[in-house]
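Model the structure of this input:
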Amino acid sequence: MYNASDLKIWKKFLMDDQPYEVVAYSQKVVWRWGSIINIKAKNLLTWSNVPKTFSDKDNFAPADITMNSYDYLYNDGENFYFMNQETYEQVSILRKSLDWAELFLQEWDKVQLQEFNGEPININLEPTCILEVVETPPGEKWDTATWWKKPATMSTWLVIPVPLFINVWDRLIIDTRTKEYRSRA
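Numbering: from 1, shown residues only. The predicted structure is shown next:
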């Protein structure tokens with residue numbers, strides 16, 4: 001069991017029989033009554049954020065979330081299909097459950113699926129991925145030494161700002177957490 005003061009950022013717990021993940025945490029110590037804990041928690045099934053206030057005497061069960069290795073196969077626009085690397089079982093996840101992670105997925109990418117009670121609820125990506133530029137305006141010759149950026153459309157339709165020397169068909173390393181250009185691959 002977790003005490004309310006144990007609910008730090010990224011901790012997963014059960015509240016009202018649903019899994020939540022803490023995204024913000026603050027604690028205020030009140031002299032005679034103990035601590036007041038304010039959190040913002042994300043429901044891992046509905047993706048809604050809820051602010052909650054607890055006493056330091058409240059307890060919560062940890063969420064039973066397992067991680068399994070899967071390969072990304074394809075999508076049909078609304079559902080994204082993955083195959084378990086050990087059992088070859090296929091599962092699907094709704095686009096809204098991916099929380100923009102679909103902008104980094106390419107066929108046969110290896111991902112970690114989070115499962116709650118045997119049902120997939122989300123994926124964890126690697127910190128970086130390699131994507132190919134499919135469209136970007138040409139950079140001007142005299143602009144190569146400046147800090148100016150231009151938009152580039154990647155093979156997964158992700159649009160990010162890149163330096164002016166980047167061309168179409170370049171392969172780039174992209175940070176999946178911040179959606180930023182890191183370097184050429």
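
ok, now how distant is Phe13 from Pro62?
Separation of Phe13 from Pro62 (CB to CB, to the nearest Å): 6 Å. C-beta coordinates here come from the backbone N, C-alpha and C atoms, glycine included.

what residues do these two have in common as contacts?
Residues touching both Phe13 and Pro62 (CB atoms under 8 Å, 6 or more residues apart in numbering) are Tyr2.

Those two: who's more crowded?
Between Phe13 and Pro62, Phe13 has the larger neighbour count (other CB atoms under 10 Å), namely 20 against 13.

OK, contacts around that one?
For Phe13, the contact set (CB under 8 Å, 6+ apart) comprises 2, 7, 19-20, 22, 41, 60-63.

Could you find the closest non-adjacent residue to it?
Phe60 (4.3 Å; CB to CB, 6 or more residues apart in numbering).

I'd guessed that neighbour sits against Tyr2; true?
Yes: shown here, Phe60 and Tyr2 form a contact pair, counting by CB atoms under 8 Å, at 4.8 Å.

what does the host helix or strand of Met67 contact?
Using DSSP states H and E, Met67 maps to strand 65-75. Contact with strand 65-75 is made by 12, 19, 44, 80-86, 90-91, 95, 102, 105-116, 121, 123-124, as judged by CB under 8 Å, 6+ apart.

Quick one, which of those residues are buried?
Among the contacts of strand 65-75, the ones that count as buried by 16 or more other CB atoms under 10 Å are 12, 19, 44, 80, 82, 91, 102, 105, 109, 111, 113-116, 121, 123.

Poorly predicted segments of this protein, please.
Across the chain, the ranges flagged by pLDDT under 70 are 140-146.

who touches the strand ranked longest in the chain?
Criterion DSSP state E: the longest strand present in the chain is strand 18-30. If you take CB under 8 Å, 6+ apart as the criterion, strand 18-30 is touched by 5, 7-14, 35-46, 49-50, 63, 65, 116, 121.

how far off strand 65-75 does it point, in degrees?
Comparing the axes of strand 18-30 and strand 65-75 via axes from the mean of the first three to the mean of the last three CA atoms, to 10 degrees yields an angle of 130 degrees.

Strand 18-30: partners in the sheet, and parallel or antiparallel?
strand 12-15 (antiparallel), strand 34-43 (antiparallel) (DSSP bridges).
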